[in-house]
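J.: Quick one, what's the 3D model for this:
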Amino acid sequence: MKATVSVPPAHAYGADEVPPSTPEGMSIEDAIYHTVHSHPGGVAALAARMGMSANTLTHKANPNTTTHNLHPRELVTLQHMSGNVTVLRAMAEALGHTVQAATPDQYGGDPVQVFMELQVEFAEFVRSVADPLNHDNPVSRNEMRRAEYQAAELQARIGHMLAALRGRMRQAPGGL
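T.: Next up is the predicted model:
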């Protein structure tokens, strides 16, 4: 059984802290519009990189247009060419998920080294959470950022460990 905890923004941040700058609750349509229209060089520059006309991209990014839409491959190209993954984040949020950048395996798939690094990262994550819990003061913005960073690093190491295991799997009969 899973539990969900929701903390209103007014209670999630201290009086001296501002909420994060990432817009919460942005619709996918708005994320597409803002990605297209906030690109350095404008719509024309982004459209040229994507291999389509600026007029077509403008119509496809317009949230009020129902006849022109970006194909999933175009959405990936839009985000790749713009360097902006706000659309992906909006899609993940709509589905109840989060997005984080993947970090490549730094250990060449050596499972023992990856396992040791996983344990070290777990200890760092535990320390980043335990330190602010050991005092009676509210958790600071820096302490929260540290814990979030360590959580992301731990998740990356878990991915590395799974990749190392996957690399040592026995081949299926018949090359499948």
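
J.: OK, contacts around residue 106?
T.: Neighbouring residues of residue 106 by C-beta atoms under 8 Å, 6 or more residues apart in numbering: residue 160. In short, each C-beta sits where N, CA and C put it, glycine included.

J.: what do you get for residue 29?
T.: Contacts for residue 29 (C-beta under 8 Å, 6+ apart) come out as residue 63.

J.: what pLDDT does it get?
T.: We have a pLDDT of 94 for residue 29.

J.: tell me which residues of the helix or strand hosting it are tucked away?
T.: Residue 29 belongs to helix 28-37 when assigned by DSSP states H and E. Of all the residues in helix 28-37, those buried under the rule 16 or more other C-beta atoms under 10 Å are 28-29, 31-36.

J.: again, but for stretch 58-68
T.: Buried residues in stretch 58-68, counted by 16+ other C-beta under 10 Å: 58, 60-62.

J.: just stretch 133-153 next, same as before
T.: 139, 143-144, 146-147, 150-151, 153.

J.: can you tell me the average pLDDT over it?
T.: Rounded mean pLDDT across stretch 133-153 is 90.

J.: As PDB, could you dump the C-alpha coordinates of it?
T.: The C-alpha trace of stretch 133-153 is given here as PDB (Å, rounded to 0.1, in the frame of the first residue of the first chain):
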ATOM      1  CA  LEU A 133      17.000  16.200  11.300                       C
ATOM      2  CA  ASN A 134      19.500  16.300  14.100                       C
ATOM      3  CA  HIS A 135      18.600  19.900  15.000                       C
ATOM      4  CA  ASP A 136      15.400  21.600  16.000                       C
ATOM      5  CA  ASN A 137      15.600  24.300  13.400                       C
ATOM      6  CA  PRO A 138      13.500  24.200  10.200                       C
ATOM      7  CA  VAL A 139      15.300  22.600   7.300                       C
ATOM      8  CA  SER A 140      17.100  25.200   5.300                       C
ATOM      9  CA  ARG A 141      17.000  25.700   1.500                       C
ATOM     10  CA  ASN A 142      20.600  24.600   1.300                       C
ATOM     11  CA  GLU A 143      19.900  21.400   3.400                       C
ATOM     12  CA  MET A 144      17.000  20.600   1.100                       C
ATOM     13  CA  ARG A 145      19.000  21.100  -2.000                       C
ATOM     14  CA  ARG A 146      21.800  18.900  -0.600                       C
ATOM     15  CA  ALA A 147      19.300  16.100   0.100                       C
ATOM     16  CA  GLU A 148      17.700  16.400  -3.300                       C
ATOM     17  CA  TYR A 149      21.100  16.300  -5.000                       C
ATOM     18  CA  GLN A 150      22.200  13.200  -3.000                       C
ATOM     19  CA  ALA A 151      18.800  11.500  -3.800                       C
ATOM     20  CA  ALA A 152      19.400  12.100  -7.500                       C
ATOM     21  CA  GLU A 153      23.000  10.800  -7.300                       C
END
